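> coordinates only, sequence not included:
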C-alpha cells in the first residue's frame, strides 16, 4: 500500500514538473509553478525558509521521500530502472540488484566540490550537478522540440479544419553546448539507472547526499524483523538503492530513498516501515536468543502489527503535511515579398550581457540562477537562451535576433523558482533599465540616405529619435540613454543584416 501511494505521488510530481517545463502557452504556471519552488536547491537560493524547513522536517520524519517523490530526476531514474527490472524478469532473472558498499570518496568528494562551488559562486558547476536543473535542461533541450512539433502538427490540422485552437511555434536550437550537456546527462543518468537503480543519487547527486545526513536519523524507517527474516535476499534484490545487506541484517538509511519496494517483496512479513527513532543508523541488527533463534528484543511481537499500522498512518499524515507546507529543429526561411530570402541575424558581441527585467543585475542574477531552463522554455518572444560563456555556462542570457523583450510580457519573472528573476508587474517592467542601445553608423542604412527610421518608430520608451544632418541632408537615429530601457525592439527590427546596426549592451546593475 505504501509503495502504491509513493508511486502515485511521484507520478503526479513528475508529470506536473515535466508539463511545467514543456508548457508553451503559459497557462500551467499558475497551477503547477509551486512544484518548481519546492525543489531543494531553488528553495535554498531563494532563501525560502518555509520550503527548506518543510523539506528538513519531511526528511527527519519520513526519510528521503524527497528523492523518490519530489525530485523529477530521481523519478526518471525509477522509471528507467523499472524498465530494466521488467526486462530482466522476462529473462527470468530475479536478482536485478544486490547490496553494494557506499562509495564514500566519490559521494562526499562531489558534495564538497558542490558546496564549495555554491559558496564561491561558480554556478556552472552547481548547475551541472543539481538534479532539478539537470532535468530541466533535458526536458527543454531534448523533449520540448518533440512537444512543439506535435503542437505544430495539431495546429496544421486545426487550420485545415478552420479552427485556431492551436498556433504554430518555431523549433530552433538555442544553444548547441547546452544541448550536448543535456544529452550526455540523460545518457549517463539513464545508463546508471539501467545498470544500478539509484547509483547516481547515492554516488553523485549532491542534493541526495545533503538529505542523507538527515535521513540517518529519520523517525520512521524500514526495519528488518529478525524474528521473521529467512535470509532469502529477496528484499536485497528489490532494493534499487542497493542499501540492504541481508547477511548482516543492516540497512544503510543514508542511501535508502524510501521507495518501499522491499516491503512488498518480502514474503515473510519481515520488513515494516515503522517508528525507529534512536536506533543505530547502520540498520537494525539481528540478535540471537539462548536457543540460537533470532529475536528482536526491542520490539515485542505483540506490538509489531500496531507499529506497522502506525507507520502507515505516519507516512500518509507526514506526506499531506509536508505537501501543505512545501505548498535540433527545422527553421523555415523568412521571405520578403515572397521573392528574396532574408539572411538570418547573427548574435552581436555585447560588451555586457543582458539579464531579464526583475533581476537586480548581472552578479545577483547569475549567483541565484540554477540554469534549470524554465524561463528559457517559458519565454514567448524567443529572447532567452542558455549562454555558452564559461563564466555563466548554461545560464540564460538575452539576445534579440528572433524577437525582443515586449513591455507587456512578464512570463520569466512569473516562473523563476529561485528569485534570480523577481516577480514584477507590467507597470514595474517599464521602469527597469536593463541595457542601453548603441548605434553603429557604418551599418545603419540611413547613413546612405535611405529613409528608414524603423528603430525610432518601434521604440516603446521613445528613446530613439531621428535627427537631420544638415550638410548631408539625411535623417539618422540617435539614442537618449536616459530613456532607453534595453528592450531590444530597435535591435530586433533593424533592417540591417546579418549584423544589426543597433546593439543593446546590458547594465551591471539595473536602474529603476
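Right, received. Where do you want to start? Only a predicted model underlies this, so the values are computations on that prediction, with no experimental measurement involved.

> which stretch of helix or strand covers residue 269?
Under DSSP states H and E, no helix or strand contains residue 269.

> got the contact list for the residue nearest to it when sequence neighbours are not counted?
Of all residues not flanking residue 269 in the chain, residue 228 sits nearest, at 5.8 Å (CB to CB, 6 or more residues apart in numbering). C-beta here means a position set from N, CA and C on the backbone, and glycine is covered the same way. Residue 228 is in contact with 268, 269, 270, counting by CB atoms under 8 Å, 6 or more residues apart in numbering.

> phi first, then psi, for residue 228.
phi -110, psi -20 (degrees, to the nearest 10).

> and the end-to-end length of stretch 260-268?
In stretch 260-268, first residue to last residue: 15 Å (CA to CA, to the nearest Å).

> how far does that stretch sit from the chain's center?
Here the centre of stretch 260-268 is set off from its chain's centre by 32 Å, with CA atoms, centre = their mean, to the nearest Å.

> quick one: residues in contact with it.
2-3, 6, 222, 228-230, 232, 234-240, 244, 271-273.

> then stretch 42-61?
Contacts of stretch 42-61 (CB under 8 Å, 6+ apart): 36-38, 40, 65-66, 132, 211, 214-215, 217-220, 314, 318, 322, 325-326, 368-370, 372, 417-420.

> repeat for stretch 103-123
With contact meaning CB under 8 Å, 6+ apart, stretch 103-123 is reached by 125-126, 129, 202-204, 206, 209-210, 366-367, 369-371, 392, 395.

> now list the buried members of those residues.
Buried residues within the contacts of stretch 103-123, counting neighbours by 16 or more other CB atoms under 10 Å: 126, 129, 202-204, 206, 209-210, 366, 369-371, 392, 395.

> what sits closest to residue 36 if chain neighbours are left out?
Residue 36 sits nearest to residue 417 (CB to CB, 6+ apart), 3.9 Å away.

> and if you look at residue 260?
residue 3 is the one closest to residue 260 (CB to CB, 6+ apart), at 4.0 Å.

> pLDDT value on that neighbour, please?
pLDDT for residue 3: 89.

> give me the distance from the helix or strand hosting it to the chain's centre.
Using DSSP H and E, residue 3 sits in helix 2-22. The chain centre lies 14 Å from the centre of helix 2-22; the measure is CA atoms, centre = their mean.

> can you give me the buried ones in that helix?
Under 16+ other CB under 10 Å, the buried positions of helix 2-22 are 2-3, 6-7, 9-10, 13-14, 16-18, 20-22.

> next one: stretch 227-241
Buried residues in stretch 227-241 (16+ other CB under 10 Å): 227, 228, 229, 234, 235, 236, 237, 238, 239, 240, 241.

> next, format these as a markdown table and append distance to residue 175.
As requested, those are exported to a markdown table (distance: CB to CB, whole Å):
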| residue | distance to residue 175 |
| --- | --- |
| 227 | 58 |
| 228 | 55 |
| 229 | 53 |
| 234 | 47 |
| 235 | 45 |
| 236 | 43 |
| 237 | 42 |
| 238 | 40 |
| 239 | 39 |
| 240 | 33 |
| 241 | 34 |
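
> just give me the least confident of the residues you listed.
Minimum pLDDT for these is recorded at residue 227 (87).

> from residue 3, how far out is it?
In this view, residue 227 and residue 3 are 23 Å apart by CB to CB, to the nearest Å.

> swap in residue 116?
Relative to residue 3, and taking CB to CB, residue 116 is found at 37 Å.

> domains of the chain?
Domain segmentation of the chain under automatic domain parsing yields 2-325, 343-511.

> weakest of those domains in terms of mean pLDDT?
For the domains of the chain, the bottom mean pLDDT is recorded on domain 2-325, which sits at a mean of 85.

> distance between that domain and the chain's centre?
The answer for domain 2-325 is 15 Å, by CA atoms, centre = their mean.

> tell me the secondary structure at residue 455.
helix (DSSP: H, G, I helix; E, B strand; the rest coil).

> ok, it touching residue 493?
Yes - counting by CB atoms under 8 Å, residue 455 touches residue 493, with 6.7 Å between them.

> more crowded one of these two?
The neighbour count for residue 455 versus residue 493, taken as other CB atoms under 10 Å, is higher for residue 455 (27 against 17).
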